[in-house]
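In: Any chance you could fold what I've pasted below:
(one chain, ligands or ions: 1)
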Amino acid sequence: MTAHGAVTPATGHAQRARHAAERFAAVYGAAPTGLWAAPGRVNLIGEHTDYNDGFVMPLALPHTTIAAASARTDGVLRLHSGGVGGGIVELRTDALRPAPGPASEALERSRGGAQRSGGWAAYPAGVVWAMQEAGLSVGGADLHFESTVPTGAGLSSSAALEVATALALNDLHALGQQSQRLAQLAQRAENAFVGVPCGIMDQTAAACCTAGHALFLDTRDLTRRQIPFDLAGEGLRLLVVDTRVQHELGDGAYAERRAGCERGARALGVRALRDVPYAHLPEVLVELAHDPVVQALVRHIVTENHRVEEVVAHLDAGRIRAIGPLLTAGHASLRDDFAISCPELDLAVDAAREAGALGARMTGGGFGGSAIVLVEEADATEVGAAVTEAFAAAGHARPRIFEAVPGAGAHRIE
Ligand code: GAF
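Out: Residues are numbered from 1 along each chain as shown. Take a look at the predicted model:
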């Protein structure tokens, strides 16, 4: 892929860890107690189903956020990022307060306006707040972050930051929480402290994925199954096309879709849209004919849950190639019914398909961000080139294209 699209370097983990430790020492004046990493993700199938109690199937990227950290016992939380300028953000753990509105406002309020910084620090600060709210004692910490997860690309850089923080604090303060519980605390931080009404998929992916697998998650009861996803062994590649159209979950459109789904569930008298059987979809759509917007949202969620189940069945039977058309159908549903695609995502999918991809779809929250493309290994370079050329011809910024190899979930590095 090097000839046609920039490949984001996701390798050099040991080198990055060493660098993070050195930067921590330079910032805080002593070596960190440990280093933890949490990955970004792509979602193979099951989009916007996680706040409808439905099914999702993310896989971890090799791109990670590394947290170098040491415990403190004086109630002080210090945060520093290698990727964002602005120095150390210093907060008191007992003064953290959730607030509605954008992350930066919540953070500003929680620290009494003492220092200014971007909104990024609200994510780790929110994790500390969520842990304390859950009765866990976090006496303070010094944290330094380094990340290779692209931001604003729909690849869950926020969840990687939250989960790296959660895992570091869990170990440093011996909190004894399991990975799924850490994911829930991270989601709570994002929902209540940062103010983004996301589901549980991204944090669970960051905390619980395993290398070589896609994670089949039932977001209602949080049962998980690791499904082998050996692309290389099958002679396949999964490409990620970052359109460079920045996506932003906090801008209202995500919350609007979520509210629409909840309206649909209420109208149908079910707890969540997950409870609408696929077989009943025709009658359900007639019942919702008076509200075409909600009708389309419901159609997406019900068919998408069904697509996840079909993908699982194919993967269980060893038919990886057969999932291609389901990915493409998922994109059409997100574009036409859920209305969260954009011209760049549609072009990435169409150009990849025309160049011979087995299937392609947008991944993540939508309104920009990234697409995934399932392709024969032998066609990968050509398909990547076709997408890049189509973007150039349409006058779009050059996309960043790289390969997704299912990586490990959050773990301690040393
Ligand atoms: C974003 C959210 F954070 C997830 O919870 C999920 O809803 C996803 O969009 C759409 O599937 O990544």
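
In: all strands in this structure, in order from the N-terminus.
Out: For the chain, the strands defined by DSSP state E cover 34-43, 55-56, 58-71, 76-81, 89-92, 141-147, 213-218, 224-228, 236-242, 359-363, 370-376, 400-403, 411-412.

In: Could you export those strands as a markdown table, including mean neighbour count and distance to H13?
Out: For every residue, glycine as well, the C-beta is placed using N, CA and C. As requested, the strands of the chain are exported to a markdown table (neighbours: other Cβ atoms under 10 Å; distance: least, Cβ to Cβ, whole Å):
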| stretch | mean neighbour count | distance to H13 |
| --- | --- | --- |
| strand 34-43 | 28 | 7 |
| strand 55-56 | 26 | 26 |
| strand 58-71 | 27 | 7 |
| strand 76-81 | 22 | 19 |
| strand 89-92 | 20 | 26 |
| strand 141-147 | 25 | 11 |
| strand 213-218 | 23 | 19 |
| strand 224-228 | 16 | 21 |
| strand 236-242 | 24 | 19 |
| strand 359-363 | 28 | 23 |
| strand 370-376 | 26 | 22 |
| strand 400-403 | 22 | 16 |
| strand 411-412 | 14 | 11 |
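
In: To G154, which of those strands lies closest?
Out: Among those, the nearest to G154 by Cβ to Cβ is strand 370-376 (4.8 Å).

In: which strands and helices sit next to that closest one?
Out: Counting contacts by 3 or more Cβ pairs under 8 Å, 6 or more residues apart in numbering; DSSP states H and E, strand 370-376 is packed against strand 236-242, helix 324-336, helix 343-354, strand 359-363, helix 380-394.

In: change it to 6 Å
Out: Identification of packing neighbours for strand 370-376 by 3 or more Cβ pairs under 6 Å, 6 or more residues apart in numbering; DSSP states H and E yields strand 236-242, helix 343-354, strand 359-363.

In: contact partners of the second one?
Out: In this structure, residues lying in contact with helix 343-354 by Cβ atoms under 6 Å, 6 or more residues apart in numbering are 241, 243, 245, 331, 360, 362, 371, 373, 383, 386-387, 390, 394, 396.

In: List the buried residues for it?
Out: The neighbour-count check on helix 343-354 (16 or more other Cβ atoms under 10 Å) flags E344, L345, D346, L347, A348, V349, D350, A351, A352, R353 as buried.

In: and the angle from it to strand 370-376?
Out: On the basis of axes from the mean of the first three to the mean of the last three Cα atoms, to 10 degrees, helix 343-354 is oriented at 0 degrees to strand 370-376.

In: Relative to the whole chain's centre, how far out is helix 343-354?
Out: Chain-centre distance of helix 343-354: 21 Å, with Cα atoms, centre = their mean, to the nearest Å.

In: Write out the residues of the chain neighbouring the ligand.
Out: Contacts of the chain with the ligand, taken as Cβ under 6 Å from any ligand atom, map to N43, E47, H48, D50, Y51, C198, G199, M201, D202, L249, G364, G365.

In: switch the cut-off to 8 Å
Out: 43, 46-51, 56, 154, 156, 158-159, 187, 190, 196, 198-202, 249, 254, 364-366 (Cβ under 8 Å from any ligand atom).
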